[in-house]
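[1] structural data only, the sequence is not supplied:
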C-alpha cells in the first residue's frame, strides 16, 4: 500500500517539486497530477447530470485508506488554484459524508510560487481543517529565489512515520 499520496495541483513547477519531494522520501509514495485528470468543472448541475467522474471515484479509492498526503500547489490570485478547488469539490461528493476522504488524515502542504504564498498556505489549512484533516506544522515553500529545503521534507516524513 502507498503510504503517502503526493497530490500536485498543476503540471509545471509544482509537479517538479512533487517529484523532488518524492525523491527525498523513504516511505512509499505516489504522485497524482490533478491537471492530468482533466476533470469537468464541478457544478451542482454537472454532478446531478453526470455524477461523480470515474477518475475521482478511482482516486478516492486510493485516498480513503491512505493516512498521509502532501498537497503541492501554487498560489493563484492569493488563494488555491482552480484545479485544486475543483478536485476537492468533486471529492466531497464521494459517498454520503463530504469529509470522508480527508477526515482524520494527515496533510503536509508544499508550494512553488512567485513569493512565499502565505495566503495560499492559510487557505489550504482552513479548507483541509474544515474537511477534518490534521495538518503538519512544517511547510515546504519554494520559489524562483528559494530552493527546496531537504530538511523540511525529512521533518515532514518523520511526522508521517509516526502514523504510517
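    Cool, got the structure. Please read all numbers here as calculations on a predicted model, not as lab measurements. Numbers count the residues shown, from 1 in each chain.
[2] wait, residue 71 sits on residue 110?
    Yes. Under the criterion of Cβ atoms under 8 Å, residue 71 lies in contact with residue 110, with a separation of 7.0 Å. All C-beta atoms are positioned from the backbone trio N, CA, C, and that covers glycine.
[3] which strand residues bridge residue 30?
    The partner list for residue 30 in beta bridges (DSSP bridges) reads residue 5.
[4] in terms of pLDDT, where does it sit?
    Note for residue 30: predicted pLDDT of 98.
[5] same question, the one 10 residues further on
    On the pLDDT scale, residue 40 is placed at 98.
[6] what strand or helix carries the spatially closest residue to it that is not a sequence neighbour?
    Residue nearest to residue 40 in three dimensions, not counting chain neighbours: residue 46, with 5.6 Å by Cβ to Cβ, 6 or more residues apart in numbering. Using DSSP states H and E, the element containing residue 46 is helix 44-50.
[7] list the contacts for residue 138?
    108, 152, 155-156, 159 (Cβ atoms under 8 Å, 6 or more residues apart in numbering).
[8] my bad, should have said residue 78
    Residue 78 touches 119-120, counting by Cβ under 8 Å, 6+ apart.
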